[in-house]
Every structure is written in structure tokens, then in C-alpha cells.
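**Student:** this is a predicted model, with the sequence first.
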Amino acid sequence: MPFNIPILLTWLRVALIPLVVGVYYLPEQWLPHADQNLAATLVFIIAAVTDWFDGFLARRWNQTSAFGAFLDPVADKLMVAGALLILIQLQRVDAVIAFIIIGREITISALREWMAEIGARKSVAVSSLGKVKTAAQMAAIPMLLFHDSIFGIDIHFWGELLLWVAGVLTVWSMFYYLRRAWPVIKEKGGNL
């Protein structure tokens, strides 16, 4: 397993995930509810920034690796799933939208794994649509964690709206990847 700054940042993101969730399990006397929201929001934002920064550094310093390419999306999916689960528990997110997002992540991860196994990884490479979907999720989740108003702006409302946009993009991108993989699935599917 290679070890460099980009991979260290990815591991840091993995380590921050339990903090986003765990802050809500602290007693109210230790951390009032509004402060829990703020702490979870800040930790999530730090984790999201490391997501961008580790990829930037890996490309800039030519430190990309197969392990980093594996760990980075796993960390992203764990971060989103962990935050969505705590938001469901806090009754800030509808379970249906969380199921759509998490279900898509599992489906596309399995598809990518299978396509890599049969030598067709490039047909399901990350698209700009997937990147926009991820950006919408990464913007919506901290708004829903914060769950308060800023300067009279209902941040929760905008976070919820953005999450539904991310949900639509999630379904759209899933069909995009499945459509790109379909010719290979048809060709190789009978040989499994």
C-alpha cells in the first residue's frame, strides 16, 4: 500500500466520518444541539474539502495509485451514506431520497467493479454528470446538517431542494452509466 499526502488526506476523510455521526450522540450538556449541528457541518465541510484536495495533489504531484483510486470513492460513499443516515435519524431527510442515493452508489460501484474485472473499466469512467451530482450532494448535506437560518435564509430548505436535485442527477447518472455499459454487458453477459 503506497503512502503519500493524498492518501493520508483520504484516510483523514475516512476518520472524520464517525465524527460527523458521533457528534449527535454527545450529551446535550456537553454540546448543545445547535452546537452539534455546527460541529457536524464543519467536520463534513473539512472532509469534503479533503476530497477535492487529495485528488488535486495526487494529480499535481503525480502520486496517483491504484490504491488511492480505490480508497477515494470508498471514502466519498461512506461519508455521504453516514451523513444521510444521521439526517434520516434526525428526520431532516426523507428515507426515499437517501435510499435512491445510497442504492445508486452501491449499484454503480458494483458495475464498475464488474466492468474492471472484464477489462472494460473505461466505459464507466466518472463523467461530468457524476461530478455535478457529487457537487450537489456535497453542498446539500452540510446545509441539512446545519439546519438553521443564516441572515434570514432558510438553509435547511435550500439543502433539501439541492438534495432532491442531487437525487434526480443520481438517477440520471445511474442510467447514463448503465447505458454506457450495456453493450459490454450484452456482449460479455452470456460468458459469465
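**Tutor:** Sure, I can see it.

**Student:** any idea of the pLDDT on Ser65?
**Tutor:** Looking at Ser65, its pLDDT reads 78.

**Student:** what's the neighbour count on the residue nearest to Leu84 when sequence neighbours are not counted?
**Tutor:** Leaving aside its sequence neighbours, Leu84 sits nearest to Ala98 (CB to CB, 6 or more residues apart in numbering; 4.2 Å). (C-beta placed from N, C-alpha, C; glycine too.) Ala98 is flanked by 19 other residues according to other CB atoms under 10 Å.

**Student:** pretty sure Ala98 sits against Leu90.
**Tutor:** No - using CB atoms under 8 Å as the test, Ala98 is too far from Leu90 to be in contact (11.8 Å).

**Student:** neighbours of Trp11, how many?
**Tutor:** Counted with other CB under 10 Å, Trp11 comes out at 15.

**Student:** which SS state does it fall under?
**Tutor:** helix (DSSP: H, G, I helix; E, B strand; the rest coil).

**Student:** and the pLDDT at it?
**Tutor:** Reported pLDDT for Trp11: 90.

**Student:** could you pull up the residues touching it?
**Tutor:** Leu71 (CB atoms under 8 Å, 6 or more residues apart in numbering).

**Student:** which elements pack onto the lengthiest helix in the chain?
**Tutor:** When the chain is parsed with DSSP state H, its longest helix is helix 155-189. Contact analysis of helix 155-189 by 3 or more CB pairs under 8 Å, 6 or more residues apart in numbering; DSSP states H and E lists helix 95-117, helix 128-146 as its packing neighbours.

**Student:** JSON lines for these, including distance to Ala34 and mean pLDDT?
**Tutor:** Shown next, in JSON lines, are the helices and strands packed on helix 155-189 (distance: least, CB to CB, whole Å; pLDDT from 0 to 100):
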{"stretch": "helix 95-117", "distance to Ala34": "23", "mean pLDDT": "88"}
{"stretch": "helix 128-146", "distance to Ala34": "10", "mean pLDDT": "91"}
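
**Student:** any idea which of those gets closest to Ala39?
**Tutor:** Nearest of the helices and strands packed on helix 155-189 to Ala39, taken as CB to CB: helix 128-146 at 9.2 Å.

**Student:** so what touches the closest one?
**Tutor:** So helix 128-146 is in contact with 20, 37-38, 40-41, 44-45, 48, 51, 76, 80, 83-84, 86-87, 92-93, 101, 155-156, 158-160, 162-163, 165-166, 169-170, 172-173, 176-177, going by CB under 8 Å, 6+ apart.

**Student:** so it versus helix 95-117, what angle?
**Tutor:** 140 degrees (axes from the mean of the first three to the mean of the last three CA atoms, to 10 degrees).

**Student:** please state the offset of helix 128-146 from the chain centre?
**Tutor:** 8 Å (CA atoms, centre = their mean, to the nearest Å).

**Student:** buried sites along it?
**Tutor:** 130, 133-134, 136-146 (16 or more other CB atoms under 10 Å).

**Student:** gap between the helix or strand that it is followed by and the chain center?
**Tutor:** Going down the chain from helix 128-146, the next helix or strand is strand 149-150, by DSSP states H and E. Computed by CA atoms, centre = their mean, the chain-centroid distance of strand 149-150 equals 24 Å.
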